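[1] dropping a prediction and its sequence here:
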Amino acid sequence: MSTPPHPEHGVDDLCAAGTKLYEQALREGYVSDAEAAPCLVDFGLLHPSVDDLSKLEPVDPTVALHRILRAAEERIAEERGREQRVVDLFEPLIRISRPRAGPTDTAAVTVLSGMDRINTVITQVMADAAQELLAIQPYRSAAHQVLPQHDEALVRDQEFLDRGGRIRTLYQHTLRHAPSILTRYERLRGDAQARTLDEVTPRLIIVDRAVAFIPATADRTLALEIRQPAIVEFLATAFDRLWRLGTPMYPQAVHQPSLNGITQRQRAIAALLIEGHTDAVIADRLGMNIRTARVHIAKLAATLGSESRAQLGYLIGRSGVLDREG
């Protein structure tokens, strides 16, 4: 009965038989044959003994690892060289396809990859700005530390204010009393204001109404740098309208009164409840954890005298609490 052919695989996906035989060789110092795992010889993990050619000795794992990694590095270097050759080939072709583009033209939309790269570009743009910074900073469930309290961001914003610029930032209501944010604004000197809304858009930064930055992925590791005037103006107009709806937070906080015992937060929850959203969606939309959302829902139900979720929706509609703007 013939032995089935050994499956093809790479050294990064060593087969079970190869792993077992290599471990045996390391423990015992040699093996008699590698018929069960010929891949070990192919990958240079076993080699014939100088003293006894009938024995196969293992290569030290550290030596083998270094050899494999060096081979991988050589392949990577070769691929990078190939990439550069492709770039060199296509660059003149790209220039031909854009005969109207001048040497000083800037791409209307650029993809920025990595948080370090994104922050570096924002800092560079801010260094040339002197008029206005508009920002939307949404809630992040991982931490309430929406903006750094030190390092480059704080220095960058202070230098911008020192040049006569002004800063307008929108947060969610859940961050109105976040110490990290309030401390940050207290440390800034100049025209810096903040307002809050129940819900805000994903992160947005607009510099001098000329350049905008928006996230391209949910984890914000990719961002779009936008310089197309019509798009930037659209985003700035949207910000202006949200700003007018916002509740002042800094430098002077304004607290919206409750209506018939129902707070602004509970009115926002009520609006989402009658749209049929789950507790999890409501919590995410309003930037709070689900436990806090359920506490507010329970208080809302108690205030309106509701005994069930279905009845709560009916009572919200009948109460008129959503007939007035918060």
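    On my side now, so go ahead.
[2] host element of the residue nearest to His277 when sequence neighbours are not counted?
    Once its chain neighbours are removed from consideration, His277 has its nearest residue in Arg285; the separation is 7.2 Å (Cβ to Cβ, 6 or more residues apart in numbering). Where C-beta positions appear, they are placed from N, C-alpha and C, glycine not excepted. Secondary structure assignment for Arg285, by DSSP states H and E: helix 279-286.
[3] output the contacting helices and strands for that helix.
    Using 3 or more Cβ pairs under 8 Å, 6 or more residues apart in numbering; DSSP states H and E as the contact test, the elements touching helix 279-286 are helix 264-273, helix 290-304.
[4] so when I look at Gly44, I'm seeing a strand, right?
    No: secondary structure of Gly44 (DSSP: H, G, I helix; E, B strand; the rest coil): coil, not part of a strand.
[5] ok, now how distant is it from Ser180?
    When distance is defined by Cβ to Cβ, to the nearest Å, Gly44 is 55 Å away from Ser180.
[6] only alpha carbons, please: show stretch 280-291 as CSV.
    Backbone C-alpha positions of stretch 280-291 (Å, rounded to 0.1, in the frame of the first residue of the first chain) are rendered in CSV as follows:
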residue,chain,number,x,y,z
ALA,A,280,-28.8,49.3,22.6
VAL,A,281,-29.4,51.6,19.5
ILE,A,282,-30.6,54.4,21.7
ALA,A,283,-27.6,54.2,24.0
ASP,A,284,-25.2,54.2,21.0
ARG,A,285,-27.0,57.1,19.3
LEU,A,286,-27.0,59.3,22.4
GLY,A,287,-23.5,58.3,23.5
MET,A,288,-24.2,56.5,26.8
ASN,A,289,-23.9,53.0,28.0
ILE,A,290,-27.0,50.8,27.8
ARG,A,291,-27.5,50.7,31.6
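[7] quick one: the helices in the chain?
    16-28, 39-42, 61-97, 115-127, 151-162, 179-187, 229-245, 264-273, 279-286, 290-304, 309-319 (DSSP state H).
[8] buried deepest among the ones you listed, which one?
    helix 264-273 (a mean of 21; mean count of other Cβ atoms under 10 Å).
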